[in-house]
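Asker: the following block contains a protein sequence and its predicted model.
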Amino acid sequence: MVQNKANPLWGYRTGGIPDELFERSGEVPITKEEIRALVISKLRLREDSWAIDVGCGSGSITVEICLQAKVGKVYAIDIDSPAIELTKKNLIKFGAKAELILSSAQDVLPSLPKVDAIIIGGSSSDIARVIRLSIDRLKKGGRIVIDTILVETLYDVIRTIKETELCEVDVTQAAIIKGKTMAIGTMMVARNPITIISATKP
């Protein structure tokens, strides 16, 4: 394999960087590699895309976006300082750059520029408002992607999207099962199902 000298850790164009390559923390969640690959495909990024990662957590999706949108601009938002610090570490590790913002999405989104893609991760008690603020920050033809593990959040997301102008709405649920090596063989272990909702701003 010919390694990418600018990024020796991950010399590929494909998404889904192995989880073990990221810095991790027990208090900050990470979006698993298979889900990240799906999220990146739904965002439909270009090299010059501008994007916002709402609820960046460990920064795994932020890193993936930066590697796809190499000449664009990426904003990563989280309300928790440990998440911002971990995202910073992972950006440095992968030689990627993003603007890190320690704030609630509700407070900072109105001040950000229009972008081509927005990913909203995790859950929020005010997810409907976060979605509406995000749509306002999207350019025409821009993509919004929301991933969630909670049924209640999924209900709120779908209800909110139905009240907006968004089109090309897609709801995909992924149930990932991974092999785990045991003394007597390989056992398949199921992870929590994740629902990914994506749509386009007309």
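Answerer: Thanks, I have the structure now. In this text the structure is predicted, and so the values were computed from the model without any measurement. Numbering: from 1, shown residues only.

Asker: contacts for the longest helix anywhere in the chain?
Answerer: What stands out as the longest helix in the chain, according to DSSP state H, is helix 81-94. With contact meaning CB atoms under 8 Å, 6 or more residues apart in numbering, helix 81-94 is reached by 7, 9-10, 17, 21-25, 27-28, 56-60, 62-63, 66-67, 76, 78, 96-98, 100-102. The C-beta positions use only the backbone N, C-alpha and C, and glycine is treated the same way.

Asker: return the distance of residue 133 relative to residue 21.
Answerer: To residue 21, residue 133 is 32 Å away according to CB to CB, to the nearest Å.

Asker: buried residues in stretch 79-95, which are they?
Answerer: For stretch 79-95, burial by neighbour count (16 or more other CB atoms under 10 Å) applies to 79, 83, 84, 85, 86, 87, 88, 89, 90, 91, 94, 95.

Asker: quick one: residue 196 is in a helix?
Answerer: No: Residue 196 sits outside any helix when classified using DSSP: H, G, I helix; E, B strand; the rest coil, being strand.

Asker: check contacts around it.
Answerer: Applying CB under 8 Å, 6+ apart, we find residue 196 in contact with 35, 38, 39, 42, 145, 146, 147, 171, 172, 173, 174.

Asker: what separation do you get for the residue nearest the centre of the chain and residue 140?
Answerer: Closest to where the C-alpha atoms of the chain average out (CA atoms, centre = their mean) is residue 61, at 4.2 Å. To residue 140, residue 61 is 24 Å away according to CB to CB.

Asker: swap in residue 41?
Answerer: 21 Å.

Asker: so which of those two has more stuff around it?
Answerer: Legend: neighbour count by other CB atoms under 10 Å for residue 41 and residue 140, higher for residue 41 (15 against 9).

Asker: that one in helix, strand or coil?
Answerer: On the three-state scheme (three-state DSSP), residue 41 is labelled helix.

Asker: doesn't residue 16 make contact with it?
Answerer: No: contact between residue 41 and residue 16 fails when scored by CB atoms under 8 Å: they sit 9.5 Å apart.

Asker: thinking again about what came up before, may I ask which of the contacts of residue 196 has the most neighbours?
Answerer: Result: residue 146 is most packed of the contacts of residue 196 (other CB under 10 Å), 31 neighbours.

Asker: run through the bridge partners of it.
Answerer: residue 120, residue 197 (DSSP bridges).

Asker: and it, what does it touch?
Answerer: The neighbourhood of residue 146, defined by CB under 8 Å, 6+ apart, consists of 119, 120, 121, 127, 131, 157, 196, 197, 198.

Asker: which one of those is nearest to residue 50?
Answerer: Among the contacts of residue 146, residue 119 lies closest to residue 50 (CB to CB), at 12.7 Å.

Asker: what about the closest one, how many neighbours?
Answerer: Other residues near residue 119 come to 29 when the count uses other CB under 10 Å.

Asker: still on that earlier bit, dump the longest helix of the chain to CSV, restricted to CA.
Answerer: C-alpha atoms of helix 81-94 as CSV (Å, rounded to 0.1, in the frame of the first residue of the first chain):
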residue,chain,number,x,y,z
SER,A,81,-15.4,20.4,27.4
PRO,A,82,-14.0,16.8,27.6
ALA,A,83,-15.6,16.1,24.2
ILE,A,84,-14.0,19.2,22.7
GLU,A,85,-10.6,18.3,24.2
LEU,A,86,-10.9,14.7,22.8
THR,A,87,-11.9,16.0,19.4
LYS,A,88,-8.9,18.3,19.4
LYS,A,89,-6.6,15.3,20.2
ASN,A,90,-8.0,13.3,17.4
LEU,A,91,-7.8,16.1,14.9
ILE,A,92,-4.1,16.5,15.7
LYS,A,93,-3.5,12.8,15.5
PHE,A,94,-5.0,12.6,12.0
